[in-house]
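Colleague: Quick one, what's the 3D model for this:
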Amino acid sequence: MAKNAPPRWDRTMQQRLARGEAAALGELYDRFAALVHSQANRMLDDEDAADLVTREVFGYVWENPDAYDPKQGSMRAWVARITHRQSVRRLRDAAAGDDDGYGSDGPVDVEERVRRASAAARADYIVASMPASLRAALQLAYIQRRDYRQTAADLGVTEDEARRRLRLGLQLLSTARARPLEGSSPPGYGRAL
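Modeller: Numbers count the residues shown, from 1 in each chain. Got it, this is the predicted structure:
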């Protein structure tokens, strides 16, 4: 297989969707619905809006399967980018529909909210995509408040290995602010929904 070739599943799924196989959409939904919904909910902070975005994303994928180009990246990344764009559109539409432009805390800074939501969504995507060993170390250290010694013991690894996993996980997460999703789309994925 070529170095930059997408996984066989992505190519096969794109072909099945292009043929109009409803079962393919069901499989895609089963695989990515949690990712789409959680990313949209994180960005919008609204369960109902996240439900709508989830439906819109899978509707778009169903109606536009040829918009996915396996040479540009994984189907997972493509679906995440569609989710991001739809969520940003909803944030901007909601701000534009506000009569006076003020929320309860003063002027609404939509672009700042989009930037923060984008970084948070990217962080969620990075965590979901990282190897389970890194994700488990981060969860123990930062959610369950374990130090690296306790993390090592809980994971059954050496303290050096626990520190390595935590350092690598944090390095991956640090890219969430450095490269938000919206500006990192490769050529060909700039199509509006």
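
Colleague: how near is Pro131 to Thr158?
Modeller: 17 Å (C-beta to C-beta, to the nearest Å). The way it works is simple: take the backbone N, C-alpha and C, and place the C-beta from them, glycine included.

Colleague: scratch that, Thr175 is what I was asking about
Modeller: 26 Å.

Colleague: In terms of neighbours, single out the busier of these two.
Modeller: The neighbour comparison of Thr175 against Thr158 (other C-beta atoms under 10 Å) goes to Thr175, with 14 against 10.

Colleague: for that one, what are its contacts?
Modeller: With contact taken as C-beta atoms under 8 Å, 6 or more residues apart in numbering, Thr175 is in contact with Arg122, Ile126.

Colleague: how near is the closest residue to Arg16 other than its chain neighbours to Pro70?
Modeller: Leaving out its chain neighbours, the residue that sits closest to Arg16 by C-beta to C-beta, 6 or more residues apart in numbering is Ala24, at 3.6 Å. Going from Ala24 to Pro70 by C-beta to C-beta gives 15 Å.

Colleague: how near is Lys71 to Glu27?
Modeller: In terms of C-beta to C-beta, Lys71 sits 22 Å off from Glu27.

Colleague: residues near His84, how many?
Modeller: With other C-beta under 10 Å as criterion, His84 counts 27.

Colleague: ok so it is a helix residue?
Modeller: Yes - assessed by DSSP: H, G, I helix; E, B strand; the rest coil, His84 belongs to a helix.

Colleague: Quick check: it touching Arg42?
Modeller: No - contact criterion C-beta atoms under 8 Å: His84 and Arg42 do not qualify, at 10.5 Å.

Colleague: Which neighbours do the two have in common?
Modeller: Common neighbours of His84 and Arg42 (C-beta under 8 Å, 6+ apart) are Ala121.

Colleague: Name the residues of stretch 58-73 that come out as buried.
Modeller: For stretch 58-73, burial by neighbour count (16 or more other C-beta atoms under 10 Å) applies to Phe58, Tyr60, Val61, Pro65, Tyr68, Pro70, Gln72, Gly73.

Colleague: Please state the offset of that stretch from the chain centre?
Modeller: 16 Å (C-alpha atoms, centre = their mean, to the nearest Å).

Colleague: Just the terminal-to-terminal distance for it.
Modeller: End-to-end distance for stretch 58-73: 18 Å, by C-alpha to C-alpha, to the nearest Å.

Colleague: Likewise for stretch 12-31?
Modeller: Per C-alpha to C-alpha, the first residue of stretch 12-31 is 14 Å away from its last.

Colleague: Many thanks, we can stop here.
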